[in-house]
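# sequence and predicted model, in that order:
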Amino acid sequence: MRFRSVFVAGHRGLVGSAILRHLEQQPGLELLTKTRKELDLRDRQGVEQFLKAAKPEVVVIAAAKVGGIQANFQFPVEFLLENLEIQNTLIAASFLTGVKKLVFLGSSCIYPRLAPQPISEDSLLTGPLEVTNEPYALAKIAGIKLCQAYARQCGANFISVMPTNIYGPNDNFDLQNSHVLAALLRKAHEAKVSGKASMVVWGTGTPRREFLHSEDLADAVAFLIEHYDSPEIINVGCGQDVTIRELAELVCDVVGFTGMLEFDGTKPDGTPRKLLDVSKLTKQGWQAKIPLREGIESMYEWFLKNRKV
């Protein structure tokens, strides 16, 4: 790698931990991390002092307040305010302390609810957002625009990466605020263990979603650190999607739950379809490698070994 040191903000989360594991394979690369107790990423002075002393050449912002539909609906203030505080502090401090490159990890929820499918990068700000995750999306859009502002006004090499739905080891399996795949996996496991005849799935099962394993995202981030220097956003995904019903059936098959699926149509579906156009990244020379079933199998193995619920 052309850089010698990287600070991974949010290294204990699903995405940050995968990026850290991947970068650990790079010989001679110094990796810097800080836990939440060691450094509050909303503390401008503390973050500036840390970056000034540690002198990382690259900062990867994988730190964020995240959650599923229910968490986003219940806590819009926290999702908007905390994410703005974290990213604004890290982006500004990175520029002030001379960081050579910054990678801001956004989300596919930045795109309009009814964007043409697959969603290309130029769909940003062309229509209304999905209301169930609007505060989180607005924070991420602000982060993109701040990175682009530093690039245009100050010449900073700050890039913005838009991943699709991510899953994998170290995911959040709390049913109150987890994302769909992790929630389905836990539900299927508990239904199997307790011998239930059926399992409830939120929504109608008809929305289509794309899922990318966290190890693939980590590989893409390492690739983009090395090969991508444009302030224009770039999508990261696998280029394929499934319905929530198909996903639930696949998860149940992997887990070994043979009961019925019941779909609760009183719960929100969210965006009807969300599939990213990844042709821009493919042309750069990168593509995903982990098939969905294989990824879910490895995620379930991790869950069985590490679950705390």
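The structure has been received and is ready for your questions.
# what about stretch 22-29, start to end distance?
Taking Cα to Cα, to the nearest Å, stretch 22-29 runs 11 Å from one end to the other.
# pLDDT averaged over that stretch - what is it?
Stretch 22-29 shows a mean pLDDT of 96.
# list the buried ones in it?
Using 16 or more other Cβ atoms under 10 Å as the test for burial, stretch 22-29 gives 22-23, 29. Every residue, glycine included, has its C-beta placed from N, CA and C.
# in helices, which of those fall?
Among the buried residues of stretch 22-29, the members found in helices (DSSP state H) are 22-23.
# and which of the buried residues of stretch 22-29 is nearest Tyr136?
Using Cβ to Cβ, His22 comes nearest to Tyr136 of these, at 24.8 Å.
# what's the closest non-adjacent residue to the closest one?
Ala218 (3.7 Å; Cβ to Cβ, 6 or more residues apart in numbering).
# how close does the one you found sit to Thr33?
14 Å (Cβ to Cβ, to the nearest Å).
# Ser123 too?
From Ser123 over to Thr33 (counting by Cβ to Cβ), the distance is 34 Å.
# of those two, which one has the most company?
Ser123 (19 against 16; other Cβ atoms under 10 Å).
# what about Gln45, how many residues nearby?
So Gln45, with other Cβ under 10 Å, has 9 neighbours.
# please, which helix or strand holds it?
helix 44-54 (DSSP states H and E).
# rewinding a little: tell me the phi and psi of the residue nearest to His22?
For Ala218, the backbone dihedrals (degrees, to the nearest 10) come out as phi -60, psi -40.
# over to the one 10 residues further on?
According to degrees, to the nearest 10, the main-chain angles of Tyr228 amount to phi -130, psi 120.
# how about the contacts made by it?
Neighbouring residues of Tyr228 by Cβ atoms under 8 Å, 6 or more residues apart in numbering: 159, 234, 284.
# hmm, 10 Å instead?
Applying Cβ atoms under 10 Å, 6 or more residues apart in numbering to Tyr228 gives the contacts 101, 103, 157, 159, 161, 220-221, 234, 280-281, 284, 286.
# just send the residues you listed back as CSV, with pLDDT and distance to Gly295 too.
Output for the contacts of Tyr228, formatted as CSV (pLDDT from 0 to 100; distance: Cβ to Cβ, whole Å):
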residue, pLDDT, distance to Gly295
Lys101, 98, 28
Val103, 98, 22
Asn157, 98, 31
Ile159, 98, 25
Val161, 98, 19
Ala220, 98, 14
Val221, 98, 17
Ile234, 98, 22
Lys280, 98, 23
Leu281, 98, 18
Gln284, 96, 22
Trp286, 98, 17
